[in-house]
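J.: A structural model of the following input is requested.
(2 chains)
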Amino acid sequence: MSARITTADVVHVARLARLALTTDEIERTTAQLGDMLDHFADIDGLRLDDVDPMTQPYPLSNVLRDDVARPCLDRDEVLAAAPDGFQGRFRVPPIIGLVE
Amino acid sequence: MTSTIVDLVAGVRAGVRTAASVLDDHLAVIAEREDEVHAFNLVLADEARAAAEGVDAAVADGRDPGPLAGVPVALKDNMVTRGIPTTCSSRILEGWRPPYDATVVERLRAAGAVIVGKTNLDEFAMGSSTENSAFGPTRNPHDPSRVPGGSSGGSAAAVAAGFAAAALGSDTGGSIRQPAALCGVVGVKPTYGVVSRYGLVAFASSLDQIGPFTNTVADAALVLEAIAGHDPNDSTSIPRPPPVITATLGDGVEGLRIGRITDLPQGADDDVLARVEAAFDALSDAGAKVVDVEVPAFTYGLTAYYLIAPAEASSNLARYDGVRYGLRVEAADTNAMYMATRESGFGDEVKRRIMLGTYALSAGYYDAYYGKALKVRRLIADDFATAYEHVDVLITPTSPTVAFPLGDKTDNPLAMYLCDTYTIPSNLSGDPGMSVPFGTGAGGLPVGVQVLAPTLSEPLMFRVAQSLEDAAKDDVITAARSEPSEASPGTANLRFGERSLRGDE
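T.: Got it, this is the predicted structure:
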């Protein structure tokens, strides 16, 4: 198994990603991510110090529109598609509850 | 079902055939083979019939029915349709009815197209075989024991099976071009920003691009012209008019410089490489000059992509949290609800990519993985730009193999990722690419040849693709004439492959 990622790393990342992975999934993910990170080591030898990172293909910046009110999504239609629409709002379980 | 979109539209616009009858023909084919192929998550027969009648009414009234009048189009089920379920083939969106239409949906309707259904995909477009669908795999119409490719496998299969005259897919790392190659149809990934992403459910926002599947190059040009163009609702949409492609489609390749990448990553099968060589020969015969070029960073595309795309996906898919749409698994507090909902709603591949992306972005690893991948992305774009100083287009295989059997790669994610080796780099650079059917390989299965071109050079790319299609057609006709006793289309295609191999000797 790759030394690049440990089970503890995977448990930590799963919590960051809000995924309640099972024990089996954690084991499998550790092995699979390890294999991938080994493969991805092919870029380790590249000299990249003077290279600018590229975040998007076509350079557009500060794309703005006129500050004019436009029609927006229908509130009732949006809430109808929610798991728990309630009195014009999205209702969720308590935010302060059991400790994870 | 053999008529092209160009002919079909001409017939409908002239009142020679009705959009309703065209739709009925396609619905009949769906009824016949959809159980076997499973291209669709949803067939919209009633909505399609109403749309077709609207087109016919426009023709009867003397109104312009649009450039795609009566064309049955299938939509990948990651493009939102108001009031019509849009699932991304994920349990987490099952039953969700979007409150708006994607820009491409509005443009298709305005052009007179008839939307026949929503097609199956790898969940959230993550995969290369359409096996990662919560609703079961799509099968390749050429051989139902094999995959159609992915992630837009349902769209590719729908066109190949004659369920629709055209389909839209999305291409983040090859998800239009690779299934097009495996299903023997034309598939186009336009320049990033040419087609609006508004209403395309986001996978990796800096890579995703919508494009068409069709049976012919001219048909793809017609559909792309109809859906392209600036959209104020997509801030990454290029503020330019749509490309004009059809006008120069027949201009040929005389004098063009066709690039052969000498340091292309290895791994393509011999039957595929033989077809790519035949493509170089065909273009050379048509008056183009084949020029060797290097694109050194091409080989690092896979690594850069599988760090950048999952990183963006992990952020984009944070929105599926059981609050605003789709599935919720109830739990005592909000955080537990998020975790239970996401664990239950996402499939294995989506979870794998969220994990990989979250890891690549996490404190302590950002610079080593995501940050480095962004720099490699720049190298790839720069290397393409340098190559395009010496050549007009590049030709490569689309997929390293022909369609593979279902289940072949499902236990080995990395092997599945390698399917995208030749398609990924142009998503990273943002340049356009398309796959054109060019004969057959092992088992008589279709092989696609990929044409890559510089940013916003769609007209040029399509000219080259048209030349390849013409050459393929000529070869089929020549082969059929030489042995008229076996002139069925299938055997003609097979002989086409053999003939070209002999020609290489």
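J.: Could you use CA atoms for every contact and neighbour count after this?
T.: Will do.
J.: Off-centre distance for stretch B:340-357?
T.: 24 Å (Cα atoms, centre = their mean, to the nearest Å).
J.: Pull out the buried positions in it.
T.: B:340-347, B:349-357 (16 or more other Cα atoms under 10 Å in any protein chain shown).
J.: Now, those that are in helices?
T.: The helices, defined by DSSP state H, take in B:340-345, B:349-357 from the buried residues of stretch B:340-357.
J.: Chain A next: which of these are close?
T.: B:A340, B:R342, B:E343, B:K351, B:R352, B:I354, B:M355, B:L356 (Cα under 8 Å from any Cα of the partner chain).
J.: I figured the third one was touching A:A20, is that so?
T.: When you say that, I think you mean B:E343. Yes - contact criterion Cα atoms under 8 Å: B:E343 and A:A20 qualify, at 5.4 Å.
J.: quick one, strands of chain B?
T.: Per DSSP state E, chain B carries strands over the ranges B:40-43, B:72-76, B:114-119, B:166-170, B:186-189, B:210-214, B:257-261, B:289-293, B:393-397, B:433-440, B:446-452.
J.: I should have written chain A there, sorry.
T.: A:85-86, A:89-90.
J.: Quick check, central residue of the chain?
T.: Reading this off chain A. The residue lying closest to the centre of chain A (Cα atoms, centre = their mean) is A:A17, at 6.2 Å.
J.: oops, chain B please
T.: B:I176 (1.4 Å).
J.: ok, now which ones touch it?
T.: B:G150, B:S151, B:S152, B:A156, B:G169, B:S170, B:G187, B:V188, B:K189, B:G211, B:P212, B:F213 (Cα atoms under 8 Å, 6 or more residues apart in numbering or on different chains).
J.: one more time with 7 Å
T.: For B:I176, the contact set (Cα atoms under 7 Å, 6 or more residues apart in numbering or on different chains) comprises B:S152, B:G169, B:S170, B:G187, B:V188, B:K189.
J.: got it, and B:V6?
T.: Contacts of B:V6 (Cα under 7 Å, 6+ apart): B:D219.
J.: what's the spacing between it and B:V217?
T.: According to Cα to Cα, to the nearest Å, B:V6 and B:V217 sit 10 Å apart.
J.: before we move on, what about B:D61?
T.: Using Cα to Cα, one gets 32 Å for the distance from B:D61 to B:V217.
J.: what residues does chain A put near chain B?
T.: A:13-14, A:17-21, A:29, A:33, A:36, A:40, A:43, A:48, A:51-57, A:60, A:63, A:73, A:77-78, A:81-83, A:90, A:92-98, A:100 (Cα under 7 Å from any Cα of the partner chain).
J.: Just the buried ones from those residues?
T.: Buried, going by 16+ other Cα under 10 Å: A:13-14, A:17-21, A:29, A:33, A:36, A:40, A:43, A:48, A:53-57, A:78, A:81-83, A:90, A:92-93, out of the residues of chain A next to chain B.
J.: Helices - which of the residues you listed land there?
T.: Those of those lying in helices (DSSP H): A:V13, A:A14, A:T29, A:L33, A:M36, A:V78.
J.: The residue nearest to the fifth one when sequence neighbours are not counted: how many residues sit nearby?
T.: Distances taken as Cα to Cα, 6 or more residues apart in numbering or on different chains place B:L414 nearest to A:M36, at 6.7 Å, with adjacent residues excluded. Other residues lying near B:L414 total 16 when counted by other Cα atoms under 10 Å in any protein chain shown.
J.: Local confidence estimate at B:L414?
T.: B:L414 carries a pLDDT value of 88.
J.: Roughly how far does A:P93 sit from B:T398?
T.: The gap separating A:P93 from B:T398 is 48 Å, by Cα to Cα.
J.: Sorry, wrong one. I was asking about B:P296.
T.: B:P296 is 18 Å from B:T398, by Cα to Cα.
J.: More neighbours: which of those two?
T.: B:T398 (33 against 17).
J.: Check whether A:G85 really touches A:L79, as I assumed.
T.: Yes - here A:G85 reaches A:L79: they are 5.0 Å apart, a contact under Cα atoms under 7 Å.
J.: Burial check on the nearest residue to A:V63 once chain neighbours are set aside, number of neighbours?
T.: Sequence neighbours aside, B:S235 is the residue nearest to A:V63 in space, at 6.0 Å (criterion: Cα to Cα, 6+ apart). Residues lying near B:S235 (other Cα under 10 Å) number 19.
J.: go on, B:S145?
T.: For B:S145, using other Cα under 10 Å, the count is 15.
J.: ok, it touching B:G407?
T.: No - the criterion here is Cα under 7 Å, and B:S145 misses it with B:G407 at 9.7 Å.
J.: burial of residue 8, as a residue count?
T.: Looking at chain A here, since you left the chain open. Count around A:A8 with other Cα under 10 Å applied: 11.
J.: That was the other one, I meant chain B.
T.: Neighbour count for B:L8, taken as other Cα under 10 Å: 24.
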